[in-house]
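S.K.: Could you work out the structure for the sequence below:
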Amino acid sequence: MNNFSSTRNSKFATRNSQLAFTLVELLVVITIIGLLAALIVTGAGYAAVTMRKSRVQAERDALVTAIEEYKAHQGYYPPDNTNNAIPNNTAMVSLYYELTGATPTNGGNTFVGANHDVLTGGPTGQLNTLFNVGGILNASADPTQPAKNYFGAGKSIRSGTYTLSGATYTVFGVPVPPGSPASLGTFVSGVQVNPWHYVSTNPTNNQNEFDLWMDVEWRGKTNRISNWTKDPVPLN
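M.R.: Just a heads-up that it's a prediction; the model follows:
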């Protein structure tokens, strides 16, 4: 056998082995990078969901505290919209105005909210059409003793402004991504909002108190955040 040929073939075999080994290493590295990237993306998605969930739960707790303070001060819970009359909608309630306060004007026939919403009262007024209430109970025309804001100084809860039947009104709610379900429609600015639901008349879950809840969609699943359970409850 030609020693030169034998040596050359041996060198080629060694080089091919080294090349094959390098390609295997490269594939392993690519696989590991892909797995790490998938873990990072998944982790970021779960972190975003956790953050959103925590924010909604924190706002629920703030609302519960404000409603209980309202009850302690007023002697009753804020009215709801469940008197079996139109619109009888648990999301269309005057809760925003009751907890933040309003000012009656025009002899008590008009109420101006803390955010400057203007709604007419009385049996045929906008408040009755929207919320089935004749006026705002937490209201004061005395500038030296304005209506009480039950959130206290510097505290606020996200809300959405709507227009219906010529009236602009506000409800507590959480903005949702474009295209997601929203119970009432859209903000004036076009941003969708998921409103809080509220029942103080014969609540089914917290008897003698009130029910407060919101259905939120995360990662394709709807979860109910409420004041009768600590953690979200999947609905589908």
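S.K.: drop to CA atoms for contacts and neighbour counts, all remaining ones
M.R.: Noted.
S.K.: Lowest mean pLDDT among the helices and strands, pick that one out for the chain.
M.R.: helix 3-74 (a mean of 74; mean pLDDT, DSSP states H and E).
S.K.: Skip ahead from that one and say which helix or strand is next.
M.R.: Per DSSP states H and E, the first helix or strand lying C-terminal to helix 3-74 is helix 95-100.
S.K.: can you list the residues that contact that next one?
M.R.: With contact meaning Cα atoms under 8 Å, 6 or more residues apart in numbering, helix 95-100 is reached by 66-67, 70, 78-80, 113-114, 136-139, 147-151, 170-172.
S.K.: So what's the predicted local confidence for the residue lying closest to Thr110 once chain neighbours are set aside?
M.R.: Leaving aside its sequence neighbours, Thr110 sits nearest to Thr120 (Cα to Cα, 6 or more residues apart in numbering; 4.3 Å). Looking at Thr120, its pLDDT stands at 95.
S.K.: what's the neighbour count on Thr120?
M.R.: Each residue near Thr120 was counted by other Cα atoms under 10 Å, and the total is 22.
S.K.: ditto for Tyr96
M.R.: Summarising burial for Tyr96: neighbours were counted as other Cα under 10 Å, giving 21.
S.K.: separation between it and Phe210?
M.R.: Look at Tyr96 and Phe210: by Cα to Cα, to the nearest Å, they are 15 Å apart.
S.K.: where does the closest residue to Pro195 other than its chain neighbours fall, phi/psi-wise?
M.R.: Spatial nearest neighbour of Pro195, excluding adjacent residues (Cα to Cα, 6+ apart): Gly173 at 3.8 Å. Main-chain torsions, Gly173, degrees, to the nearest 10: phi -170, psi 170.
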